[in-house]
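Trainee: Task: produce atomic coordinates for the following.
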Amino acid sequence: MAEEANQSGATSRFGLAIVVLVALGWSMVGNLPPGPLHADEAVQWSLAKQLSEGTPYSSHQDKFHGPTLATVLLITAKVSTTAPTDMTEHYLRSVVSIFLGLTAAAALILPRVGKGSRYVTAAFVVLTAGCTPFAYYYVQEMLLVAGFVWGVALWMRAEGSPPDSRWWMLSGAAFGFALACKVTAAAYLVLFLVALLLLRRFGPDRRWLGFGLGLAGSWALFQSVGFTDLDGLKSWWLQLARALGVASGQSEDTLYATNLAPWVWAAAWLAVFALTRSGLSVAGWRSRHEADLPCLVAGLVFLFHLALPYKTPWLLLLVFSLPLTLALPYLLVGRTLRAALLVPSLGAIALWAQPSLSSHSTTVSEVTRFEGRVASLAKAYGDKFYVAVEGGHYWPLPYYLRAHQVGYGDFPQAAKAPLRLIPAIDASEPVVPGYVVSSLTLRAGGDRYWVLVAKGYESVFISK
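Mentor: Next up, the predicted model:
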């Protein structure tokens, strides 16, 4: 049975023009992540900063994810001669945006489809930031998705190759990179194998040896920071144990969904791809259409996260990116009508989904004004200026105090600090002799601090 998606010369130029126009329109109205760093972004910055100071990744207290993002940032810092304390929000997010381009490039290696569809899809992914705001957040998800999308793309490229082809090992290496980014990729890899069992006929042969070697070698390389921190390999398993508790709702770190709108939009996204395909094309329960594999994997990932209690919207990044990058080129082949319906529908869903996708746990803009006020206070106070943050801290506070000497928790000098921050447990404003009190909110709806400024300097602090 000949599938039209396999006919590389049937791409409609007018259909491709529609894709380009929608992408250009998106690039003019789409929004980048605004303002301050999210808490998880600041944690990743802290990891990179400590790595640059010689602290091994495996001994970092916040090693909840792999070291790949921090390593990439350090490489970028070396090239650009930028110190971690000088890294702006835009700088951090620009580093991650490189992987958006790498994700888009995966479309270029797809087999049995014309160059026009592949190149236009890659451009569409870049111009629309993958149709999500997450492509520019300084978090591991973008790196995980880049590795996973390349793993699937290289597998699709390898299909039909002999068992000793290098493509199988390269596919495993891409998946290994994803595993080193975040342990969630382990579940995604299992779901990918399930999709293969449902859509392909295959048995054990030499290709699995090459795939496994590429997977293990790449994972070990990136997880141990180039084999310089072998204890990092052990930490991956500790992260996996922690992730199981968080995802299943058995941990205090579990974040439950406060708004299911992102999941509704993700379901609509997958429905558009399914309707465009008129369902999975099967013959003898095995797919003959290339678009089905990335779409089915994305669907399984969506159901996996939907079933688990832990939910943050950027868990949906792979759900959006995988079919967009690896299925869209095949679906653009053929009639112009399909492209005219498919691409605007995807664009509309993504635009409507933007507010709910980008509103999760955002840091309020007040923190950037606070940063400027602290800088003015430090300049007025002189070299002996320091900050005391009592009761620990909450991200992204350390990032926005990075230019100053800061002590966290209880220490002898805390009671005399020129600037003190005390967690606001309730609405009762503290009265502390020698200090003027104001407040700071890090995140909407919570995470507030009382800000105590030494008397005599309050005018400098407040005037900023």
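
Trainee: Can you tell me how far the closest residue to Y400 other than its chain neighbours is from L209?
Mentor: Spatial nearest neighbour of Y400, chain neighbours left out: E371 (4.5 Å); criterion: Cβ to Cβ, 6 or more residues apart in numbering. Glycine gets a C-beta too; all of them are placed from N, C-alpha and C. Distance, E371 to L209, by Cβ to Cβ, to the nearest Å: 53 Å.

Trainee: same deal with G160?
Mentor: Distance from G160 to L209, by Cβ to Cβ: 18 Å.

Trainee: what are the ranges of the strands in the protein?
Mentor: Under the criterion DSSP state E, the chain contains strands at 282-283, 286-287, 387-389, 406-408, 419-423, 435-443, 446-454.

Trainee: G54 is nearest to which of those?
Mentor: Proximity to G54 (Cβ to Cβ) singles out strand 406-408 among those, at 19.6 Å.

Trainee: So which residue is smack in the middle of this protein?
Mentor: Geometric centre of the chain, nearest residue: E141, 2.5 Å, by Cα atoms, centre = their mean.

Trainee: where does that one land on pLDDT?
Mentor: The confidence metric pLDDT takes the value 92 at E141.

Trainee: distance of it from T228?
Mentor: Using Cβ to Cβ, E141 is found at 25 Å from T228.

Trainee: before we move on, what about S459?
Mentor: In terms of Cβ to Cβ, S459 sits 50 Å off from T228.

Trainee: now do R420
Mentor: 39 Å.

Trainee: can you check L221 too?
Mentor: 10 Å.

Trainee: With L108 instead?
Mentor: Distance from L108 to T228, by Cβ to Cβ: 33 Å.

Trainee: more neighbours, the two?
Mentor: L108 (13 against 9; other Cβ atoms under 10 Å).

Trainee: how many neighbours does the spatially closest residue to the more buried one that is not a sequence neighbour have?
Mentor: Counting by Cβ to Cβ, 6+ apart, L108 lies nearest to R118, which is 5.3 Å off, once chain neighbours are set aside. For R118, the count of nearby residues is 23 (other Cβ under 10 Å).

Trainee: Verify the contact between R118 and A105 for me.
Mentor: No: with contact defined as Cβ atoms under 8 Å, R118 does not reach A105; the gap is 9.8 Å.

Trainee: The longest helix anywhere in the chain - what's its average pLDDT?
Mentor: The single longest helix within the chain, with elements called by DSSP state H, is helix 336-358. Helix 336-358 shows a mean pLDDT of 82.

Trainee: For A129, see how far away the residue nearest to L108 is.
Mentor: 19 Å.

Trainee: Looking at G160 and L209, which has the bigger crowd around it?
Mentor: L209 (15 against 10).

Trainee: give me the number of residues near the residue lying closest to S359 once chain neighbours are set aside?
Mentor: Excluding its sequence neighbours, the residue lying closest to S359 (Cβ to Cβ, 6+ apart) is N259, at 7.7 Å. Neighbours of N259 under the rule other Cβ under 10 Å: 14.

Trainee: again, but for S459
Mentor: 10.

Trainee: Equivalent analysis for P423, please.
Mentor: For P423, using other Cβ under 10 Å, the count is 14.

Trainee: Quickly list what it is bridged to.
Mentor: Assessed by DSSP bridges, P423 has beta-bridge partners Y449.

Trainee: If you count contacts, what does the longest helix of the chain end up packed against?
Mentor: Helices and strands touching helix 336-358, by 3 or more Cβ pairs under 8 Å, 6 or more residues apart in numbering; DSSP states H and E, are helix 13-29, helix 261-277, helix 328-331.

Trainee: Indicate which one of those helices is closest to F134.
Mentor: Using Cβ to Cβ, the helices and strands packed on helix 336-358 put helix 261-277 closest to F134, at 10.5 Å.

Trainee: what about the helices in the stretch 101-250 of the chain?
Mentor: 115-127, 141-158, 166-181, 184-199, 206-223, 231-247 (DSSP state H, counting those that start in this stretch).

Trainee: surely the residue nearest to S359 meets S356?
Mentor: Yes: in this structure, N259 is within contact of S356 by Cβ under 8 Å, at 5.9 Å.

Trainee: Could you tell me how many residues sit around V225?
Mentor: 21.

Trainee: before we move on, what about P204?
Mentor: 7.

Trainee: Check the gap between it and G226 for me.
Mentor: From P204 to G226 the distance is 32 Å (Cβ to Cβ).

Trainee: got it, and P423?
Mentor: Taken as Cβ to Cβ, the span from P423 to G226 is 39 Å.

Trainee: number of nearby residues for A186?
Mentor: Count around A186 with other Cβ under 10 Å applied: 17.

Trainee: That should have said V451, apologies.
Mentor: Neighbours around V451, by other Cβ under 10 Å: 20.

Trainee: what do you get for D86?
Mentor: Using other Cβ under 10 Å: D86 sits among 12 other residues.

Trainee: Distance of it relative to R373?
Mentor: Distance from D86 to R373, by Cβ to Cβ: 20 Å.

Trainee: just T88 next, same as before
Mentor: 18 Å.

Trainee: out of these two, which sits in the busier spot?
Mentor: R373 (20 against 10).

Trainee: Tell me the confidence at the more buried one?
Mentor: So R373 comes in at 93 (pLDDT).

Trainee: Count residues in the vicinity of the closest residue to F175 other than its chain neighbours, would you?
Mentor: In this structure, F175 finds its nearest non-sequential neighbour in G151, 3.9 Å apart by Cβ to Cβ, 6+ apart. G151 is flanked by 29 other residues according to other Cβ under 10 Å.

Trainee: mind listing what G151 touches?
Mentor: 171-172, 174-175, 178, 189, 192 (Cβ atoms under 8 Å, 6 or more residues apart in numbering).

Trainee: Apply 6 Å and report the result again.
Mentor: Going by Cβ atoms under 6 Å, 6 or more residues apart in numbering, G151 touches 171, 174-175.

Trainee: next one: the longest helix of the chain to chain centre, how far?
Mentor: On the basis of Cα atoms, centre = their mean, to the nearest Å, helix 336-358 sits 21 Å off its chain's mean C-alpha point.

Trainee: repeat for stretch 357-364
Mentor: Centre to centre, stretch against its chain (Cα atoms, centre = their mean), the figure for stretch 357-364 is 14 Å.
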